[in-house]
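Peer 1: Predicted model and sequence below, questions to follow.
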Amino acid sequence: MEFASSSSSRVFNRTHQFSLLSTPPPSQKPSSLFNPSLNAFFIRFSTTSFSPRDLSCKSTLRDTTTTRIATPKMAENGVRDFELSNLTALSPLDGRYWNKVKDLSPYMSEYGLIYYRVLVEIKWLLKLSQIPEITEVPNFSEEAEAYLEGLIDGFSMDDALEVKNIEKVTNHDVKAVEYFLKKKCQSHPEIAKVLEFFHFACTSEDINNLAHALMLKEAMNGVVFPVMDKLIEAICKLAEDNASTPMLSRTHGQPASPTTLGKEMAVFAARLSEQRHEISQVKIKGKFAGAVGNYNAHFSAYPSVNWPLIAKEFVESLGLCFNPYVTQIEPHDYMARLFHAIIVFNTILIDFDRDIWGYISLAYFKQTTKAGEIGSSTMPHKVNPIDFENSEGNLGKANGNLSHLGEKLPVSRWQRDLTDSTVLRNMGEGLGHSLLAYKSALQGIAKLQVNETRLSEDLNQSWEVLAEPIQTVMRRYSVPEPYEKLKELTRGRAVTKDSIKEFIEGLELPKEAKDYLLELTPHTYVGAAIELSKTLDIAISLILKRTIFGVEPNLATHTTSEDESEFGKSNMLWFGISDYRSEFAKFGHPAKMETGIACCARGAYLPGVSQHSKAPVSPQSISPSCSSRSLKSSSLFGETLRFVPRSSLKVSKAKNSSLVTRCEIGDSLEEFLTKATSDKGLIRVLMCMGEALRTIAFKVRTASCGGTACVNSFGDEQLAVDMLANNLLFEALTYSHFCKYACSEEVPELQDMGGPTEGGFSVAFDPLDGSSIVDTNFSVGTIFGVWPGDKLTGVTGRDQVAAAMGVYGPRTTYVLALKDYPGTHEFLLLDEGVA
Ligand SMILES: O=C(O)C[C@H](Nc1ncnc2c1ncn2[C@@H]1O[C@H](COP(=O)(O)O)[C@@H](O)[C@H]1O)C(=O)O
């Protein structure tokens with residue numbers, strides 16, 4: 001028996017490793033003990049049974065450990081050479097993939113966390129200076145305020161390092177930020193007097209939770225959503241471009257009825273857009289209620305201040321939703337909601353990646369190659385679907401991380417434990433792998449080339465798929481035993497074009513039916529696939545519309561089949577029935593416009609708007625472009641966030657949008673608008689309002705009461721129909737993307753709808769004029785005016801670019817007039833699609 005020994009003097013004085021080279025002689029059979037904590041089979045010998053001399057020790061450094069594990073450089077040079085770099089980073093996000101994910105770094109890194117903490121601490125001091133009861137913190141001079149804001153805007157990497165140095169002493173990361181700010185302000189004569197009001201009445205988590213919320217919100221708005229949108233747009237384009245490209249579909253991996261490639265892509269585009277919208281609906285929340293969520297410290301110092309209100313104002317001024325029911329921490333439930341929603345998006349994308357992988361494998365797609373790139377190191381002919389594989393792999397990694405965050409974060413012992421602190425530092429990992437996966441999928445999509453010949457070959461080999469339509473037509477004409485006859489034709493035999501033809505010709509069917517079947521090929525038997533791909537824009541807007549209406553709680557659970565059919569109709573259903581060619585009738589009912597709408601506009605005021613403008617800026621010193629980007633995008637998350645892919649903004653692109661083209665009675669609303677104006681934003685606003693009118697019409701017919709909130713037959717409280725209409729119209733305007741401000745008779749404060757000022761519109765409306773007479777079954781209506789830009793105050797009816805009303809009577813009509821287009825035009829809501 002012999003043992004080889006290995007030694008290393010680097011870590012400990014000397015360590016030894018023994019490996020058993022042969023079994024011990026039977027006479028020395030040891031008392032055998034298996035130590036499962038070691039990953040090898042070690043035998044402990046009784047020390048009395050033999051002496052150390054029985055062991056033959058070879059003291060050599062060429063031991064099994066050092067020769068097998070390739071870490072010599074690191075070991076010899078020490079960690080000195082292994083400072084963090086692209087090559088030494090433990091996480092591939094920070095190494096290999098850094099360039100693809102670095103946009104997240106200003107938000108999701110430790111720098112980002114410290115930056116947002118600095119921002120929250122300073123904004124809180126500024127807020128304190130505005131509270132009249134806190135006389136100890138007087139209003140700051142403009143110069144002092146600018147100095148404080150400058151600490152946020154100019155926050156640099158050196159500043160962050162200084163905070164880290166302070167943390168080495170405090171061993172408390174939030175306290176380090178407070179000390180940093182005090183140090184920065186101690187020489188400012190005005191601010192120096194109120195240094196103790198930094199972090200006033202706060203617990204660290206007041207600062208942390210808002211910082212985390214801002215990190216997430218700004219990172220999603222500034223980085224993640226835009227890439228998700230690009231991805232959805234790329235898949236929409238695949239759908240559009242291949243709307244009519246027939247493809248054999250496969251269920252259970254077996255040839256099934258044909259489809260089109262575009263329609264299969266449309267399914268993914270629609271799924272991803274819906275989920276992307278779901279993500280955007282998550283409310284990003286914040287708390288600011290002190291050590292255990294009750295404002296104890298606040299009230300002890302200033303009992304007469306309405307602290308819960310102040311906290312609400314403060315949280316909302318940062319563009320977050322206020323959470324009043326908290327412990328020391330905001331309970332992170334919204335984070336779980338957000339991460340789970342992202343997981344669903346990622347899972348849909350995994351499904352997409354795998355399908356495309358499969359289609360590439362079937363050679364339905366080729367991939368463009370770049371000179372110099374290697375497909376496979378050993379098989380030169382190959383081009384592997386590596387982008388989709390990378391995407392799938394990273395989505396799995398992302399979901400693992402996000403799933404842990406979603407499951408862990410809502411759990412905190414009693415009023416808090418600190419387990420969330422270290423876990424929250426990993427939010428960037430989940431978002432980073434997601435971002436990388438989206439970019440890889442995009443890269444893969446850009447390389448795809450449809451191989452129509454290959455697609456066609458498979459269809460040509462699959463004439464048996466026509467068994468389904470032949471059988472179905474036979475059933476319609478009562479041909480006996482259609483299934484059995486087809487089974488006889490198709491099972492176990494090669495079905496060809498000729499055998500199918502022969503079979504059809506032998507059937508007893510009317511001539512038209514026979515001709516139809518004889519015309520059919522696997523290439524043309526695609527059902528509604530082409531239309532489904534081509535109407536993807538509408539499908540996506542229907543999804544968005546569902547979400548709009550989904551905000552009304554009763555709707556989701558109590559939709560009737562009639563209700564469903566309302567939703568299923570496309571916005572093509574507004575059908576032109578008359579054109580009042582009178583200049584004076586131009587704005588619908590001018591008197592109404594002047595009184596109802598203009599009054600409403602005159603009564604508008606702005607408080608909600610100014611709060612939005614206080615959205616925080618992003619870390620500028622890392623990414624100078626972040627500031628404007630995040631400011632612009634900060635309206636994306638929360639109540640105003642929505643998505644319409646660019647393609648859905650294309651309105652009848654093939655149609656003539658010239659103003660000189662007259663529209664005809666009988667045009668659909670969309671056709672009319674496309675001819676009447678070239679302003680796509682205005683078209684979008686008017687189409688979205690049309691969508692809302694359609695649903696209001698249904699609600700007016702079916703809502704259980706008119707004037708007041710009431711309880712329906714399910715026992716749920718329902719909104720009064722006028723409030724329902726009000727909410728629907730606001731939602732529709734938000735989703736138009738082109739509405740800047742809106743106000744209504746019910747909500748006269750200007751509401752920021754998130755659209756642009758330049759090129760956008762502002763809308764004032766009476767949601768349901770005459771709502772009190774709904775139950776007496778008189779006609780009622782919606783009236784609205786559209787003004788250019790962001791002006792709803794100090795404007796007149798004559799400044800409108802469009803005015804319209806929806807009339808809900810025995811028929812539902814949409815009457816509208818456009819400033820630069822003669823006449824007043826009436827559209828009827830049809831029950832069926834346009835014939
Ligand atoms: O406002 C407070 O601090 C109240 C305190 N609770 C705390 N709240 C927030 N942070 C705290 C808390 N306690 C410690 N720390 C500091 O958190 C840091 C934890 O470090 P890591 O685990 O690496 O994330 C690390 O820097 C810790 O020092 C309480 O007693 O309830």
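Peer 2: Looks like it arrived, so ask away.
Peer 1: Give the closest residue to the residue in the stretch 401-550 of the chain that the ligand sits nearest to in space, chain neighbours not counted.
Peer 2: Minimum separation of the stretch 401-550 of the chain from the ligand (CB to the nearest ligand atom) falls at S421, amounting to 3.3 Å. To be clear about C-beta, it is placed using only N, CA and C from the backbone, and glycine gets the same treatment. Leaving aside its chain neighbours, S421 sits nearest to N208 (7.6 Å; criterion: CB to CB, 6 or more residues apart in numbering).
Peer 1: helices or strands up against the strand or helix carrying the one you found?
Peer 2: Assigned by DSSP states H and E, N208 belongs to helix 204-219. Contacts defined by 3 or more CB pairs under 8 Å, 6 or more residues apart in numbering; DSSP states H and E place helix 204-219 against helix 105-108, helix 110-129, helix 173-185, strand 285-286, helix 333-361, helix 419-424, helix 427-447, helix 626-633.
Peer 1: could these go into JSON lines alongside distance to M753?
Peer 2: Converted to JSON lines, the helices and strands packed on helix 204-219 look like this (distance: least, CB to CB, whole Å):
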{"stretch": "helix 105-108", "distance to M753": "26"}
{"stretch": "helix 110-129", "distance to M753": "26"}
{"stretch": "helix 173-185", "distance to M753": "36"}
{"stretch": "strand 285-286", "distance to M753": "22"}
{"stretch": "helix 333-361", "distance to M753": "23"}
{"stretch": "helix 419-424", "distance to M753": "33"}
{"stretch": "helix 427-447", "distance to M753": "28"}
{"stretch": "helix 626-633", "distance to M753": "15"}
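Peer 1: For the most centrally placed residue in the chain, I want the exact helix or strand it lies within.
Peer 2: In the chain, the residue lying closest to the centroid (CA atoms, centre = their mean) is R276, at 3.0 Å. Per DSSP H and E, R276 falls inside helix 261-280.
Peer 1: which secondary structure elements does that helix contact?
Peer 2: helix 225-241, strand 246-251, helix 333-361, helix 529-534, helix 536-550.
Peer 1: Quick one, which of the ones you listed gets closest to the ligand.
Peer 2: Across these, closest to the ligand is helix 333-361 (CB to the nearest ligand atom), at 15.6 Å.
Peer 1: In the next helix or strand after that closest one, which residues are buried?
Peer 2: Once the chain leaves helix 333-361, the next helix or strand it forms, by DSSP H and E, is strand 365-367. Buried residues in strand 365-367, counted by 16 or more other CB atoms under 10 Å: F365, Q367.
Peer 1: could you say what helices and strands strand 365-367 packs with?
Peer 2: Checking 3+ CB pairs under 8 Å, 6+ apart, strand 365-367 ends up next to helix 333-361, strand 448-450.
Peer 1: how about these in a markdown table, adding mean neighbour count?
Peer 2: Formatted as a markdown table, these follow (neighbours: other CB atoms under 10 Å):
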| stretch | mean neighbour count |
| --- | --- |
| helix 333-361 | 20 |
| strand 448-450 | 16 |
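Peer 1: TSV please, covering these and showing mean pLDDT and distance to S434.
Peer 2: Converted to TSV, the helices and strands packed on strand 365-367 look like this (pLDDT from 0 to 100; distance: least, CB to CB, whole Å):
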stretch	mean pLDDT	distance to S434
helix 333-361	98	6
strand 448-450	97	21
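Peer 1: In JSON lines: these, plus distance to the ligand.
Peer 2: Output for the helices and strands packed on strand 365-367, formatted as JSON lines (distance: least, CB to the nearest ligand atom, whole Å):
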{"stretch": "helix 333-361", "distance to the ligand": "16"}
{"stretch": "strand 448-450", "distance to the ligand": "44"}
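Peer 1: quick one: the residue nearest to the centre of the chain and P226 touch, right?
Peer 2: No: the pair R276 / P226 is not scored as a contact, 11.2 Å apart, by CB atoms under 8 Å.
Peer 1: Next, the distance between the ends of stretch 314-334.
Peer 2: 19 Å (CA to CA, to the nearest Å).
Peer 1: er, stretch 292-311 I mean
Peer 2: 14 Å.
Peer 1: what does that stretch rub up against?
Peer 2: 127, 131, 133-134, 201, 287-291, 322, 324-328, 415 (CB atoms under 8 Å, 6 or more residues apart in numbering).
Peer 1: That stretch near the ligand at all?
Peer 2: No: if you take CB under 6 Å from any ligand atom as the test, stretch 292-311 misses the ligand, and the best it gets is 8.3 Å.
Peer 1: what separates that stretch from the chain centre, distance-wise?
Peer 2: Centroid separation for stretch 292-311 versus its chain: 36 Å, with CA atoms, centre = their mean, to the nearest Å.
Peer 1: so what's A371 scoring on pLDDT?
Peer 2: A371 is assigned 73 on the pLDDT scale.
Peer 1: where does it land in three-state SS?
Peer 2: coil (DSSP: H, G, I helix; E, B strand; the rest coil).
Peer 1: count of neighbours near it?
Peer 2: 4 (other CB atoms under 10 Å).
Peer 1: so who does it touch?
Peer 2: If you count contacts by CB under 8 Å, 6+ apart, then A371 has nothing around it.
Peer 1: ok, it to G809 distance?
Peer 2: 68 Å (CB to CB, to the nearest Å).
Peer 1: now do R117
Peer 2: Distance from R117 to G809, by CB to CB: 59 Å.
Peer 1: So for the two, which residue has more residues nearby?
Peer 2: R117 (25 against 13).
Peer 1: right, and the helices and strands packed on helix 204-219 - which one's nearest P246?
Peer 2: helix 333-361 (13.8 Å; CB to CB).
Peer 1: other SSEs contacting the closest one?
Peer 2: helix 204-219, helix 225-241, helix 261-280, strand 365-367, helix 386-408, helix 427-447.
Peer 1: how big is the angle separating that helix from helix 427-447?
Peer 2: If you take axes from the mean of the first three to the mean of the last three CA atoms, to 10 degrees, helix 333-361 sits at 30 degrees to helix 427-447.
Peer 1: burial measure for the nearest residue to M108 once chain neighbours are set aside, as a count.
Peer 2: Spatial nearest neighbour of M108, chain neighbours left out: G428 (3.1 Å); criterion: CB to CB, 6+ apart. Here the number of neighbours of G428 (other CB under 10 Å) works out to 25.
Peer 1: G428 against Y111, yeah?
Peer 2: No: if you go by CB under 8 Å, G428 and Y111 don't touch, sitting 11.0 Å apart.
Peer 1: Quick check: neighbours shared by those two?
Peer 2: S105.
Peer 1: I'd like to know which residues of the protein are adjacent to the ligand.
Peer 2: So far as CB under 6 Å from any ligand atom goes, the chain lies against the ligand at N171, H172, D173, V174, T203, S204, E205, Q328, R416, L418, S421, T422.
Peer 1: number of nearby residues for the first one?
Peer 2: In this case it means N171. Counted with other CB under 10 Å, N171 comes out at 8.
Peer 1: again, but for the fourth one
Peer 2: Close neighbours of V174, defined as other CB under 10 Å, add up to 24.
Peer 1: same check, this time on Q186
Peer 2: Q186 has 10 nearby residues by other CB under 10 Å.
Peer 1: which one is it nearest to, not counting chain neighbours?
Peer 2: A192 (5.3 Å).
Peer 1: Hmm, the one you found is touching K184, no?
Peer 2: No: counting by CB under 8 Å, A192 does not reach K184; the two are 10.5 Å apart.
Peer 1: Between those two, which is the more surrounded one?
Peer 2: Just comparing A192 and K184: by other CB under 10 Å the higher neighbour count belongs to K184, 19 against 11.
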